[in-house]
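> Build the 3D model from these lines:
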Amino acid sequence: MQIFRTLAVLAVLTAAVAAWMAVATSDMAKVQVLDGEMAPAVLPASGALPRHPPATADWRPLDQGVLAGWRGPYWLRWHSGTPGEQHGASRALRLSLRGASQLYWNGQPLPGNGVVGRTAEAEHPGRVDIVRILPASPDAGVDELLVLASSHHQGIALRSADAVAVVAPPELLFGHLLRPWLIAAFAMGALAAACLYFLAVQRGRPRTADTRLLLALCAVGLVLPVVEAWRSLLGYAYPWHGPRLLALLCLHVAAAALLPAYLARRFRVAVPAGVCAVYLAGLAAAAIFMPSFDARSTVVLLLSLLASAGVLLRAREAREERWPILALLLAGAMALAIERGAFLDGPYFLLLSVLMVFLLLRHAAQLRALDRNNARLREERAQLSLQLLQRGIQPHWLMNTLTCLQELIEREPPRASRMVESLADQFDRLRDSSARPSVPLADELALCRSHLDIVGLALDRPIALEVEAADIGVSLPPGVLHAQVENALTHAGAVACAQHPFRLRVHRENDRWVLELRSVRGSSPHRGRGTGTRYIEASLEVAWPGRWQFTQGADGADWRGRIELPCAS
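Just a heads-up that it's a prediction; the model follows:
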């Protein structure tokens, strides 16, 4: 089954990425990425802005790093050769520029983008990406694109201007923008459907730490492509470009922190606090000190994938669940190391979507299996509870108790009266506790003492129950201590229990409560796997599935029963 699941998730991921790459790859024979130049613009203090640069303009090759520091105004110039097969054909220009701009194609003005200003107050920011239909070139030759631009409203300093001019057929430019996001929309739809299904399965359950981490990771997986697609599908004024990159980086860091944290919780891998601190410090250092946003995101995501793989390799549980996740993580790490920026532009959130859908469906399947197991355990517990209740009032024990009571009425009326009160108290407590899923430790101790009072009155020897507890407000399933007391009375004998009192110690170890009950050992060879033990184990599993521990056995002259329970906090 694990091989099938691993191959299935890899096939889904491969198909999604292949579809994305197929629709995102342009026909480069019809696409021209123009070579550019740049020059500072010297403008008059007043009057109209110039339509062309002066002959003395200081032209230099376009340097994206230097241009990122220019605020403007400045000139940009690109030259485009018109291929013979495209002569007279319709062409469009896609200009990416973080600035307001005036455009001139072969001297003819094109619709502008914002308002170029000599100062920040005079500038109206333009959109970061624009597409303009180009007039036909009269002859095959060299076309010139001139741009007068200003970038006064840069909010976050970036290392590269990313000023790019591309000429291509209009249908190719517009299709190149939209088609890849159809694949992303399908991935988001699958993730949203899986999330809704998980929430439906989770409904009515307490939110555990791994559930909260998984839902937070789902939120990141749904928001990330929306922020990524914001530029391509909706566009924005160029001052928003820096905040958008910062938002993407924050989402990448959030995913990098949440994914290994969820997997550690899900597969119960104990990660030392020092290791967590070092990992988070590494994420913070990469997000702050790497030279560009793409480099920061690449390092952050690579650390996340490797850390998550390390968590899975340390896990010792649910082997069938681990291998498909590990295969996805390693495939993502290799693709990220090879493709880098191309992986961040789309395949990364496809990977995240496939991974999240798998995690959601498998977590939901685990919850449904837990429901079935709990239903079986509740039925078994109900049957065992009935057996214990029947044993608590079985005719033989009740007949002996009533016979003893009759003798006491004749010989010692005060003692007989106390036995009647103890019997009434025990039956009342048995009835009350059998209808409740959990009871405070104080109520459980009262039931045990009531039972010991009856046996002690019949024996005419008190049977003590000594308690050493830091907190008796701990809750536990009803009857788990009472069943151990009955086992001791049955197997060791009331006389031995009177000589060797019960001793209960309740204390806390880290994040768990420990209840240790000691009684006389006795000599019965069959003690330890009867109805009482099965009732205790079934009750604890219903209350804390997989998070409890019950052990019992001889310890010198004692019989020791030890219950470990998770703390409520």
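> Does L452 touch R461 like I think?
No: here L452 lies out of contact with R461, judged by Cβ atoms under 8 Å, at a distance of 10.8 Å. Quick note: C-beta positions are derived from backbone N, CA and C, even for glycine.
> what bits of the stretch 151-300 of the chain have low per-residue confidence?
Applying pLDDT under 70 to the stretch 151-300 of the chain picks out residues 175-177.
> So which of L452 and R461 has more stuff around it?
Using other Cβ atoms under 10 Å as the criterion, L452 and R461 rank with L452 on top: 23 against 13.
> Name the helix or strand for that one, please.
Element membership for L452, per DSSP states H and E: helix 441-459.
> How about A364, nearest residue that isn't a chain neighbour?
Of all residues not flanking A364 in the chain, V201 sits nearest, at 4.4 Å (Cβ to Cβ, 6 or more residues apart in numbering).
> G522 too?
Excluding the flanking residues, the one nearest G522 by Cβ to Cβ, 6+ apart is A492, at 3.0 Å.
> Please tell me how far the one you found sits from P501.
To P501, A492 is 12 Å away according to Cβ to Cβ, to the nearest Å.
> do L259 as well
With Cβ to Cβ as the criterion, L259 and P501 are 53 Å apart.
> quick one: least confident helix or strand in this protein?
helix 395-411 (a mean of 61; mean pLDDT, DSSP states H and E).
> Quick one: name whatever helix or strand follows it.
For helix 395-411, the following helix or strand on the C-terminal side (DSSP H and E) is helix 413-434.
> which of the residues in that next one are buried?
415-416, 418-419, 422-423, 425-426, 429-430, 433 (16 or more other Cβ atoms under 10 Å).
> what is the orientation angle of it with helix 441-459?
Angle, helix 413-434 to helix 441-459, by axes from the mean of the first three to the mean of the last three Cα atoms, to 10 degrees: 140 degrees.
> Tell me the helices and strands packed up against helix 413-434.
Applying 3 or more Cβ pairs under 8 Å, 6 or more residues apart in numbering; DSSP states H and E, one finds that helix 413-434 contacts helix 347-392, helix 395-411, helix 441-459.
> Flag whichever of these has the least confidence on average.
The weakest mean pLDDT among the helices and strands packed on helix 413-434 belongs to helix 395-411, with a mean of 61.
> related to what we said a few turns ago, show me which of L259 and P501 is the more surrounded one.
Neighbour count, other Cβ under 10 Å: between L259 and P501, L259 has more, with 27 against 15.
> The more buried one: helix or strand, and which one exactly?
Element membership of L259 [criterion: DSSP H and E] is helix 241-266.
> Now do the helix or strand that comes right after that helix: which elements does it pack against?
Scanning forward in sequence from helix 241-266 by DSSP H and E, the next helix or strand is helix 273-289. If you count contacts as 3+ Cβ pairs under 8 Å, 6+ apart, helix 273-289 packs onto helix 241-266, helix 293-314.
> what does helix 273-289 contact?
Identification of contacts with helix 273-289 by Cβ atoms under 8 Å, 6 or more residues apart in numbering yields 249, 253, 256-257, 260, 296, 299-300, 303-304, 307.
> now stretch 352-366
Stretch 352-366 has contacts (Cβ under 8 Å, 6+ apart) with 9, 12-13, 16, 187-188, 190-191, 194-195, 197-198, 201-202, 210-211, 214, 217-218, 220-221, 224, 255, 262, 266, 321, 324-325, 328-329, 332.
> Which of the residues you listed are buried, as a ChimeraX select command?
A single ChimeraX command selects the buried members of the contacts of stretch 352-366 (16+ other Cβ under 10 Å):
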select :9,12,13,16,187,188,190,191,194,195,198,201,202,210,211,214,217,218,220,221,224,255,262,266,321,324,325,328,329,332
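> In helices only, show me the contacts of stretch 352-366.
Mapping the contacts of stretch 352-366 onto helices (DSSP state H) picks out 9, 12-13, 16, 187-188, 190-191, 194-195, 197-198, 201-202, 210-211, 214, 217-218, 220-221, 224, 255, 262, 266, 321, 324-325, 328-329, 332.
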